[in-house]
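[1] A structural model of the following input is requested.
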Amino acid sequence: MAKDDADKAGSTAAVEKGLGALERAWDAHWALRLICLALFLDMAMMLRAGRGLWQWSPGDKALLSDVGWVAVLVVAFSFAVAIVIPVVLIVLRQISVIVLSWLPGFLTASAEPAYQRPLGYAPARDFRNLALREKDNFLFRMYEAHEQKKQAERLARERAGELTAAALLAALADWLLVQWISGSVGLIGAIVEALAGWASIVTAVTLLCAGFILKWAWFSDTPPDVIYYPPLDQELRDKEREARGLC
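    Numbers count the residues shown, from 1 in each chain. All right, here's what the predicted structure looks like:
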């Protein structure tokens, strides 16, 4: 009886872990990290054994017991993530800015209308000044919550751009490494071969989607820094109307 209960508990734990992994697979950030890790392992395999993960054989399990190789792999991956990739992304972002500056104005100009503050919303700076002037803790907590949300959204957007660019660079590096090591088949090459005639279309769609993500993450306009607080909004609008009436 105790054994059956233990088996049931183990099965339940396994199911919960499986559901947790499935749920995380829908997280874009986690999925992009997984892609980068898998491609890094694929390239490491090609450099060490002359064949990628797609060509994995039972004998390759011995590589996992090679403590020295595993240690080098961990250090190389950590070094790439902490130093190499951030520097490459900074350079890539600067190059993108230069390229965009060369494009005609009608290709880069925003089609959005001139900014008008929505009804009921007040500029965050004026809201902060009101909270400090009135010494109102509730208003100041609202301002702090607004700043924390804005910071979290900005970090999430930048991280999405960084991970997308890193995944594209890892895929390119994996494909280029196959051209250098004859006889090897990388994960990117295996996917292209499996897609056959659809490979060019899927590649174009993937690059187009990645381009939209990078544009949104790196080059989108900063949203208005406003907080919903109708009393302050009405006060500011009254002052604006009075100022226009004096002109």
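[2] separation between the residue positioned nearest the centre of the chain and Ile213?
    The centre of the chain sits closest to Ala160, judged by Cα atoms, centre = their mean, with a distance of 1.5 Å. Plainly put, Ala160 is 6 Å away from Ile213 if you go by Cβ to Cβ, to the nearest Å. C-beta coordinates here come from the backbone N, C-alpha and C atoms, glycine included.
[3] what about Val99, which helix or strand?
    Using DSSP states H and E, Val99 falls within helix 85-102.
[4] Now that helix: buried residues?
    Along helix 85-102, the positions that meet the burial threshold by neighbour count (16 or more other Cβ atoms under 10 Å) are 85, 89, 92-93.
[5] Please tell me how far that helix is from the chain's geometric centre.
    On the basis of Cα atoms, centre = their mean, to the nearest Å, helix 85-102 is displaced by 16 Å from the centre of the chain it belongs to.
[6] follow-up on the earlier one: out of the buried residues of helix 85-102, which is nearest to Trp69?
    When these are compared for distance to Trp69, the smallest value, 21.7 Å, is given by Ile85; criterion: Cβ to Cβ.
[7] looking at it, the closest one is touching Ala173, isn't it?
    No - using Cβ atoms under 8 Å, Ile85 makes no contact with Ala173, being 10.8 Å away.
[8] Would you map the strands across this structure?
    Per DSSP state E, the chain has strands spanning 121-123, 226-228. These are given in chain order.
[9] Output the ones you listed in a markdown table, with mean neighbour count, mean pLDDT and distance to Ser57 appended to each entry.
    Conversion of those to a markdown table gives the following (neighbours: other Cβ atoms under 10 Å; pLDDT from 0 to 100; distance: least, Cβ to Cβ, whole Å):
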| stretch | mean neighbour count | mean pLDDT | distance to Ser57 |
| --- | --- | --- | --- |
| strand 121-123 | 18 | 91 | 62 |
| strand 226-228 | 19 | 92 | 60 |
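[10] Would you format those as JSON lines with distance to Val205 included?
    JSON lines is the format used below for the strands of the chain (distance: least, Cβ to Cβ, whole Å):
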{"stretch": "strand 121-123", "distance to Val205": "38"}
{"stretch": "strand 226-228", "distance to Val205": "36"}
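[11] nearest to Ile181, of those strands?
    Minimum separation from Ile181 across these (Cβ to Cβ) falls at strand 226-228, 54.9 Å.
[12] partner strands of the closest one, parallel or antiparallel?
    The strands beside strand 226-228 in its sheet (DSSP bridges) come out as strand 121-123 (antiparallel).
[13] Give me the contacts around the partner strand.
    Residues from elsewhere that reach strand 121-123, judged by Cβ atoms under 8 Å, 6 or more residues apart in numbering: 117, 224-229, 232-233, 236.
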